[in-house]
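A.B. asks: pasting a predicted model and its sequence here:
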Amino acid sequence: MSVTWSLRPEPGPGTEAVVRPVWAGEPPADLPVELPFELPVELSAAFLAGTGFGGEVGEVLQLPGTPVTVLLGLGPRGRTGRDAVRAAAAGLARAVRAYRRLAVHPPGTDLRPLVEGYLLGGYRFTRYRSGATAPTDQHIEVITAGTPDAARGLFEGRRLGEAVLLARDLVNEPGEALTPPAFAEQAVEVAAAAGLECEVWDGRRIADERLGGLLGVSRGSLVPPRLVKLGYRPDGWSERDGWSERDGGTDGDGGTERTERIALVGKGVTFDAGGLSLKPNAHLAGMKADMAGAAAVLGAMSVLGALDCPVAVDAWLPLTENMPNADPIRVGDVLVMRNGTTVEICHADAEGRLIMADALVLAAETRPQAIIDIATLTDAAAIALGRRVAALMGTDDALLDRLRAAGTRAGEPLWPLPLPDAYRPQLRSRVADLVNYTLGTRHGTALLAGHFLREFVPPGIPWAHLDIQGTALADGTDAEWVTGATGFGVRTLVEFLTGGPHPST
């Protein structure tokens, strides 16, 4: 569905429906008195209660007329924050699909969550449904004064929503369609449209760069691996000593203004069969989503320029399948990672950390002021935190605090988990430097995976790890989530990168 937007002081001609916000327990006092059917003089709370409409978040009541009046519940007035507006707008989008032209009275001056929620709630992935009807294109008039703040909120909500939908489309694609080369081609197209630097490494380049983890995992697939490097640079950017500088700017003391440089790493296993540690069939259904971390990073990168991100950002996307074909890694094999660390393979289905390790080494070599990785890494994180909260681990409290705050503002909650030093010995191998999986225990496996990744980030570089195993897919419709891919992580990363100063070394 294509949705276009405009700001207007009042509904225009041809408007089919007018949407008005209603808070729980309060009558919609601004509704027109004259309605085309017999009612009391005003729509009282008692009348609304009789219809079953209570004004709760996302509730919708349509009253016949020309145009149709649509009441949109927002919950109690004192609790109407961004999350409530976003969820209400998502419910609205699903209820008014049939209308081609709507006028919406916003519940406040911040239009971003309204637009964002509408786009996310109205999303449907129908590419492979032969009987699917063409979605209705819509034009939505937001009834408000055309102030710069309103225009900016509308623009930001639209672009951020589109970035999340990009990630959802990628994750929802079948594994046979979105292979590593196909993902890389998509990244090239996105980079060209967004003004990003883009470099794609094929199998030979990956071997030349000594990415032993990525090469090892890809051996089991008939489809070759790829590594995608993306770069975003703010206006006036130039590099010095691993920092970025803004030409012509000053830091207040007469020196050149410095801008932080952040590195992102996204796990991109486009289909995970488990390799020789083959998954049971029941666990294979969602494995096309094992590249949700890479999709989230690509989605976030796609919108940084449009949102005037002040931070220089590099992104690394290692892309491969994990299959039992050809010459897969065997349990007991030893891989040599880019930094020379040797890893004994104790479980072929603990592959994500192997490809992430190489990418983390590459990211660290650019000397960023922080590294953030995002991955569907462990079932343990999903078991601990469920389907709405992602796990957060890392080495720098300031970085973790800022990420958690960004997730809260974005509507993507993160919960910190520890990395106890006492767990580190469980990664020791009898034949190599590390094992990729600790056999004989089911306890603390999300933390052990975090510890493994930590080994590939040099001391002194703040690092954070987001485990989105539980949040990458939704098994039902809830607020701005619809069944299938969620695009979790896009909003948090964008909020973090555009939201202010960042930790530095």
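C.D. replies: Cool, the structure landed.
A.B. asks: identify each buried residue in the one helix or strand Gln62 maps to, please.
C.D. replies: Element membership for Gln62, per DSSP states H and E: strand 60-63. For strand 60-63, the buried set under the neighbour-count rule, 16 or more other CB atoms under 10 Å, comprises 60-61, 63. To be clear about C-beta, it is placed using only N, CA and C from the backbone, and glycine gets the same treatment.
A.B. asks: could you do stretch 482-491 as well?
C.D. replies: 482, 484-491.
A.B. asks: gap between that stretch and the chain center?
C.D. replies: Put simply, stretch 482-491 sits 6 Å off its chain's centre (CA atoms, centre = their mean, to the nearest Å).
A.B. asks: now do the same end-to-end measure for it.
C.D. replies: Counting by CA to CA, to the nearest Å, the length from the leading to the trailing residue of stretch 482-491 is 16 Å.
A.B. asks: neighbouring contacts of that stretch?
C.D. replies: If you take CB atoms under 8 Å, 6 or more residues apart in numbering as the criterion, stretch 482-491 is touched by 116, 120-121, 123-125, 160, 163-172, 289, 292-293, 295-297, 299-300, 374, 390, 410-412, 466, 468, 471-477.
A.B. asks: make it 6 Å
C.D. replies: 123, 125, 163-164, 167-168, 171-172, 296, 299-300, 374, 410, 412, 468, 471-472, 474, 476-477 (CB atoms under 6 Å, 6 or more residues apart in numbering).
A.B. asks: now, the residues you listed that are in strands?
C.D. replies: Judged by DSSP state E, strands contain the following of the contacts of stretch 482-491: 374, 474.
A.B. asks: could you give me the ChimeraX selection string for whichever of the contacts of stretch 482-491 are buried?
C.D. replies: Restricted to buried positions by 16+ other CB under 10 Å, the ChimeraX selection for those reads:
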select :123,125,163,164,167,168,171,172,296,299,300,374,410,412,468,471,472,474
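A.B. asks: which ones among the contacts of stretch 482-491 map onto helices?
C.D. replies: Using DSSP state H, the subset of the contacts of stretch 482-491 located in helices is 163-164, 167-168, 171-172, 296, 299-300, 410.
A.B. asks: just flag the most distant two among the residues you listed.
C.D. replies: Asn172 and Ala410 (20.9 Å; CB to CB).
A.B. asks: what mean pLDDT does the strand holding Gln62 get?
C.D. replies: Computed over strand 60-63, the mean pLDDT rounds to 91.
A.B. asks: could we number from 31 for the rest of this?
C.D. replies: From this message on, residue numbering opens at 31, which makes the last subject strand 90-93.
A.B. asks: neighbouring strands for the very next helix or strand once past it, and are they parallel or not?
C.D. replies: Downstream of strand 90-93, the first helix or strand assigned by DSSP H and E is strand 98-103. In the sheet, strand 98-103 lines up against strand 47-52 (parallel), strand 90-93 (antiparallel) (DSSP bridges).
A.B. asks: break the chain into its domains for me.
C.D. replies: Domains of the chain are assigned by automatic domain parsing as 33-176, 213-528.
A.B. asks: JSON lines for those domains, including distance to Glu206?
C.D. replies: Listed next are the domains of the chain as JSON lines, based on distance: least, CB to CB, whole Å:
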{"stretch": "domain 33-176", "distance to Glu206": "11"}
{"stretch": "domain 213-528", "distance to Glu206": "8"}
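A.B. asks: pull the helix or strand with minimum mean pLDDT from this structure.
C.D. replies: Every helix and strand in the chain was compared by mean pLDDT, DSSP states H and E; the lowest is strand 273-280, with a mean of 49.
A.B. asks: how about the secondary structure of Ala123?
C.D. replies: The three-state label given to Ala123 by DSSP: H, G, I helix; E, B strand; the rest coil is helix.
A.B. asks: so how far is the strand holding Gln92 from its chain's centroid?
C.D. replies: 32 Å.
A.B. asks: again with stretch 90-100
C.D. replies: In terms of CA atoms, centre = their mean, the centre of stretch 90-100 is set 34 Å apart from its chain centre.
A.B. asks: point out where this protein drops to low pLDDT.
C.D. replies: Along the chain, the model assigns pLDDT under 70 to residues 31, 57-79, 162, 164-165, 269-289, 530-535.
A.B. asks: in what element of secondary structure is Val461 found?
C.D. replies: If you go by DSSP H and E, Val461 is not part of any helix or strand.
A.B. asks: which ones are touching it?
C.D. replies: Residues in contact with Val461 (CB under 6 Å, 6+ apart) are Glu374.
A.B. asks: switch to 8 Å and redo it
C.D. replies: 364, 374.
A.B. asks: on that earlier part again, please convert the ones in helices among the contacts of stretch 512-521 to a markdown table, extending it with distance to Ala393.
C.D. replies: Listed next are the ones in helices among the contacts of stretch 512-521 as a markdown table, based on distance: CB to CB, whole Å:
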| residue | distance to Ala393 |
| --- | --- |
| Ala193 | 21 |
| Val194 | 23 |
| Ala197 | 20 |
| Arg198 | 25 |
| Val201 | 22 |
| Asn202 | 27 |
| Ala326 | 16 |
| Gly329 | 18 |
| Ala330 | 15 |
| Ala440 | 22 |
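A.B. asks: thinking again about what came up before, pick the most deeply packed of the domains of the chain.
C.D. replies: Mean neighbour counts were taken over these using mean count of other CB atoms under 10 Å, and the top value, a mean of 21, falls to domain 213-528.
A.B. asks: can you give me the end-to-end span of it?
C.D. replies: Taking CA to CA, domain 213-528 runs 26 Å from one end to the other.
A.B. asks: need the buried residues of stretch 512-521 in a markdown table (columns: secondary structure).
C.D. replies: Formatted as a markdown table, those follow (three-state DSSP):
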| residue | secondary structure |
| --- | --- |
| Val512 | coil |
| Gly514 | strand |
| Ala515 | strand |
| Thr516 | coil |
| Gly517 | coil |
| Phe518 | coil |
| Gly519 | coil |
| Val520 | helix |
| Arg521 | helix |
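A.B. asks: export these to JSON lines and append columns for distance to Arg256.
C.D. replies: Listed next are the buried residues of stretch 512-521 as JSON lines, based on distance: CB to CB, whole Å:
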{"residue": "Val512", "distance to Arg256": "29"}
{"residue": "Gly514", "distance to Arg256": "24"}
{"residue": "Ala515", "distance to Arg256": "21"}
{"residue": "Thr516", "distance to Arg256": "24"}
{"residue": "Gly517", "distance to Arg256": "22"}
{"residue": "Phe518", "distance to Arg256": "23"}
{"residue": "Gly519", "distance to Arg256": "21"}
{"residue": "Val520", "distance to Arg256": "21"}
{"residue": "Arg521", "distance to Arg256": "26"}
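A.B. asks: thank you, goodbye.
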